[in-house]
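Enquirer: Next comes the sequence, and after it the predicted model I'd like to discuss.
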Amino acid sequence: MGGIRKAAILFASLLLFVSTAAASEITILQTEAPRSMDPANQTATYTAAVLYPMYEGLVRNNQANQIVPDLATSWSANANGTEWTFHIRPGVTFHDGTKLDAQGVKANFDRLIDKTAGLAGAGRFQSVIQSVSVVDPLTVKFTLYKPYAPFLGLLAESQASLVSPAAIGKGTLDKQADGTGPYQFVEWKTGDHVLMKRYPGYWGTEPSVDELKWTWSSEQAVMTMSVQSNSAQVVNPLPPVFAKSLENDKSVDVMTTPGSAVYWVALNVKLKPLDDVRVRQALNYATDKKALVSSLLHGYGTPANSPLAPADFGYDASLTGYPYNLAKAKELLKEAGYPNGFTMSIDVQSAETNLAEALQGMWSKIGVDLKVNQMESGVWTTAAFGDPSQKAKQKTYSVLASWSTSTLDGDGQLTPLYATDSWAPKSANLGFYSNSKLDTILQQAASTTDNAQRKQLYDQAQQIINQDAPMVILYYATAVAAKRANIGNIGLDPGSELLIRNPTIK
């Protein structure tokens, strides 16, 4: 009897251990808090990373940046590319139990193209998709206004992720995620964390890690110390100043990929003296891009020669850009009537103040007195996306910004930043630049399906933008993140977005 009693006690102890054992969890630390749990109502890279484990789209980009099936199993287009038919994966449910079908897909895209819905990430879809119709319970057809070459890439964007139609009706998506991904939403404690757990009803391979916890800090030193101390197992972005030292730490893996993020200063061409192309060109010649990459990025980047990044389709590697040439810059300012320089301002987010101060020092050598307006992220967003009258009233001469398109296509990078129809606040043409010839070229490049012709058109577009200089192009930043060495299956795309769907812990 004693042996039986001991065995029973041992068995009960084992059950207690199993029931109280901590769930496996990975903590991810990013530089900013998410802006929404609704993929269609955000445009931020680090928000998209938080949403990625919980949501899926019809298609997605794989690690090789190729379009592959996700919630659509196959698709086809008509001869001129104005109609696209998608076959939906059967047996998929949203986290609230709602079944995925063609009507649900239609409901998602109907709200994206509804201009009265006011969704932050919907603008690009509204100019491309005319309507979505149900063919049968698992088939939908998209009708486009005109052919759009990177349409599949557009559908792979975070904003095109599918949400539960029931959640759309409740109006709770901004605070509570509801998708089809391998992880489902648990809680969002504002100012602290977002917690998600694996979804037992997932249609694909259920992940082995129980929970993902997302936190944030704008302090660079905190990012590095967290991954070193294992208080966070993944950090993004890893500050370049610390990356070199961590490369020698065997307990940490430094993750890098050639970046698609272009850093630039948008110049308000509506304000004097920035309405003069010679002044704008002078600022470009007065910018030592190599020094910026060396001193601020510690080599994790490349001086920019084009408004497109090397990772983007259409990039022209042969463009000279603006080499550092103070004599040329001073000559142009003199021709423009500013031999002694002038005063202007730049609006910058707090985390990028050091970059603005570096430009301040460089431009002072040609007599330009650059006033740096350091702003908290939300205040900066309001200022940066002000309309022409707002920026004229506030004397907003320039804005320091970065942009990366996950489609890795010339249209996604150039149209939002330089097309006349993209003036802020509608899109990201922050300096109100306009060139009718460029507008025509961008429209042609987006609608033709001939890649050779598209490449020629984007070559022309880059030349026009460089010549008109509505911006000061700075550099392409290498995407840098870090993880503990025992964490596996974590991706990092060229736009610095973490791709986490099925992580592992060794």
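Expert: Looks like it came in fine.
Enquirer: Any idea how far apart the tips of stretch 243-253 sit?
Expert: End-to-end distance for stretch 243-253: 10 Å, by Cα to Cα, to the nearest Å.
Enquirer: got the buried residues for that stretch?
Expert: For stretch 243-253, burial by neighbour count (16 or more other Cβ atoms under 10 Å) applies to Ala243, Leu246, Val252, Asp253. Quick note: C-beta positions are derived from backbone N, CA and C, even for glycine.
Enquirer: Can you name the residues that contact Asn61?
Expert: Ile67, Val68, Gly153, Ala156, Ser406, Asp493 (Cβ atoms under 8 Å, 6 or more residues apart in numbering).
Enquirer: Weed out the non-buried ones from the residues you listed.
Expert: For these, buried by 16+ other Cβ under 10 Å: Ile67, Gly153, Ala156, Ser406, Asp493.
Enquirer: What is the nearest of these to Met471?
Expert: Lowest distance from Met471 to the buried ones among the contacts of Asn61 (Cβ to Cβ) belongs to Ser406, with 21.1 Å.
Enquirer: Wasn't the closest one part of a strand?
Expert: No. Secondary structure assignment (DSSP: H, G, I helix; E, B strand; the rest coil) places Ser406 in coil, not in a strand.
Enquirer: do you know how far it is from Ala452?
Expert: Using Cβ to Cβ, to the nearest Å, Ser406 is found at 24 Å from Ala452.
Enquirer: now Asn65
Expert: For Asn65, the distance to Ala452 equals 20 Å [Cβ to Cβ].
Enquirer: Give me the more crowded residue out of those two.
Expert: Remark: of Asn65 and Ala452, Asn65 carries more neighbours, 16 against 8, as counted by other Cβ atoms under 10 Å.
Enquirer: quick one: that one and Pro494 touch, right?
Expert: Yes. Counting by Cβ atoms under 8 Å, Asn65 touches Pro494, with 7.4 Å between them.
Enquirer: can you list residues touching both of the two?
Expert: Common neighbours of Asn65 and Pro494 (Cβ under 8 Å, 6+ apart) are Ala311, Leu408.
Enquirer: Tell me the helix or strand right after the helix or strand containing Val262.
Expert: Secondary structure from DSSP states H and E places Val262 in strand 252-267. For strand 252-267, the succeeding helix or strand toward the C-terminus, using DSSP H and E, is helix 277-285.
Enquirer: Mind checking what secondary structure the closest residue in space to Ala304 that isn't next to it in sequence has?
Expert: Ranked by Cβ to Cβ, 6 or more residues apart in numbering and with sequence neighbours excluded, the top spatial neighbour of Ala304 is Ile473, at 4.3 Å. Following three-state DSSP, the label given to Ile473 is strand.
Enquirer: cool, Thr27 as well?
Expert: Look at Thr27: counting by three-state DSSP, its state is strand.
Enquirer: could you list every residue that touches it?
Expert: Contacts of Thr27 by Cβ under 8 Å, 6+ apart are Lys213, Trp214, Thr215, Ser231, Ala232, Gln233, Val234.
Enquirer: beta partners of it?
Expert: Lys213 (DSSP bridges).
Enquirer: What's the per-residue pLDDT of it here?
Expert: pLDDT for Thr27: 98.
Enquirer: ok, now Leu16?
Expert: Leu16 is given a pLDDT of 44.
Enquirer: please renumber so the chain begins at 11
Expert: Let's use 11 as the start, then, which means that last one is Leu26.
Enquirer: which regions of the stretch 261-410 of the chain lie under the pLDDT threshold?
Expert: Along the stretch 261-410 of the chain, no part satisfies pLDDT under 70.
Enquirer: how about 90 then?
Expert: Applying pLDDT under 90 to the stretch 261-410 of the chain flags the ranges 269, 271, 360-361, 387-388, 391.
Enquirer: packing partners for the strand holding Val272?
Expert: Strand 262-277 sits against helix 250-256, helix 287-295, strand 408-413, helix 420-428, strand 481-494, strand 501-502, with contacts defined as 3 or more Cβ pairs under 8 Å, 6 or more residues apart in numbering; DSSP states H and E.
Enquirer: if you set the cut-off to 6 Å instead, what comes out?
Expert: With contacts defined as 3 or more Cβ pairs under 6 Å, 6 or more residues apart in numbering; DSSP states H and E, the packing partners of strand 262-277 are helix 250-256, strand 408-413, strand 481-494.
Enquirer: any chance you could map the strands in the stretch 61-210 of the chain?
Expert: 69-71, 77-79, 82-87, 93-98, 139-146, 149-154, 193-199, 203-208 (DSSP state E, counting those that start in this stretch).
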